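Asker: Sequence and predicted structure below; questions after.
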Amino acid sequence: MTNLGVDFPVFEPGWVWLVGAGPGDPGLLTLHAVNAMQQADVVVYDALVDERILNLLRSDAERIYAGKRGGRPSSKQTDISLQLVELAKKGLRVLRLKGGDPFVFGRGGEEGMTLVDHNVPFRVVPGITAGIAGAAYAGIPTTHRDCNSSVTFVTGHGSSGDVPDNINWAALAKGAPVLVMYMAMKHLRRISSELMKNGRAADEPLAVISQATTPGQGILITTLEKAADDVEREGVEPPAVCILGKVVGLRDRLNWLSPQDDVTAVRHVPFEQVLDLITTPADPLKD
């Protein structure tokens, strides 16, 4: 990847790279992520990694599925972390590919701590988190000067599979003008109830964005009070992020991705064409 005039790190044998694959759209991968994918010997990947992204891996790279979805049978986190150690100790270049950002509700910190405990060198490659990208693709800014000066990220799925028991509902209800909720679908009714009991307005706008940034993206605009019923009625399935706050109302004017006519219809350049452009060595005569 030399065409950009940027130096990229070499993926050394025996290292583990914790790489964020972004929210789904391959075009939102970082260049560091693509660089890692082209060098890795073995890839341990999650359920939320889009198949189109996996197609960018080295053709001879070993793929190991470590799918984790809330409420479904999956590999234990401790087993995944120790597997990374085992693979690295074999002298392999190990890519841990995680949806979104590995350090935003991705348990990348836990995996990193295990690597530290076993003296395995590692690098973290951030990815665009679904809460930010999904909101943007829905025409919802997570911050807007007229609406809010802070954003709070919260998960609705704790280690027990239930809503985390350390959530301060009063603080969220009164001190977080915009809430970005991950993995909240299973417990959306309880979450909504707790927020309203602690003072959040029942008619506050709430957006549910499913399969964010992918061709299957769906957007449901509702209210805090009606969210659980509307999700159930519409059959919205995870993965999804929920955005609560006045900023949701800005979608009426900022909904850039839904074409109103042929003039604004989105056209696409094949991703392979873009990838060739950034991975083809530069012509020294043109530098």
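Answerer: Good, I have the coordinates. All values reported here derive from a predicted model rather than from experimental measurement.
Asker: So which bits of stretch 136-143 are buried?
Answerer: If you call a residue buried by 16 or more other C-beta atoms under 10 Å, then stretch 136-143 has these buried ones: 136-142. For the C-beta atoms, the positions are set from N, CA and C on the backbone; glycine is no exception.
Asker: which residues are in contact with the lengthiest helix in the chain?
Answerer: Longest helix of the chain, by residue count under DSSP state H: helix 77-89. Contacts with helix 77-89, where a contact means C-beta atoms under 8 Å, 6 or more residues apart in numbering, come from 14-16, 42, 44, 64, 66, 68, 94, 96, 107, 110-111, 114-115, 118, 120.
Asker: swap the cut-off to 7 Å and go again
Answerer: The set of residues external to helix 77-89 that reach it, using C-beta atoms under 7 Å, 6 or more residues apart in numbering, is 14-16, 42, 44, 66, 94, 96, 107, 110-111, 114-115, 118, 120.
Asker: can you check stretch 110-119 too?
Answerer: Residues contacting stretch 110-119 (C-beta under 7 Å, 6+ apart): 16, 18, 77, 81-82, 84-85, 96, 122.
Asker: which residues does residue 169 contact?
Answerer: For residue 169, the contacting residues are 194-195, 198, by C-beta under 7 Å, 6+ apart.
Asker: 10 Å instead?
Answerer: By C-beta atoms under 10 Å, 6 or more residues apart in numbering, the contact set of residue 169 is 163, 191, 193-200.
Asker: and the gap between residue 142 and residue 132?
Answerer: For residue 142, the distance to residue 132 (C-beta to C-beta, to the nearest Å) stands at 6 Å.
Asker: Now the common contact residues for those two.
Answerer: In contact with both residue 142 and residue 132: 151, 153, 180, using C-beta under 10 Å, 6+ apart.
Asker: As TSV, the residues you listed with secondary structure would be great.
Answerer: Putting the shared contacts of residue 142 and residue 132 into TSV (DSSP: H, G, I helix; E, B strand; the rest coil) gives the following:
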residue	secondary structure
151	coil
153	strand
180	strand
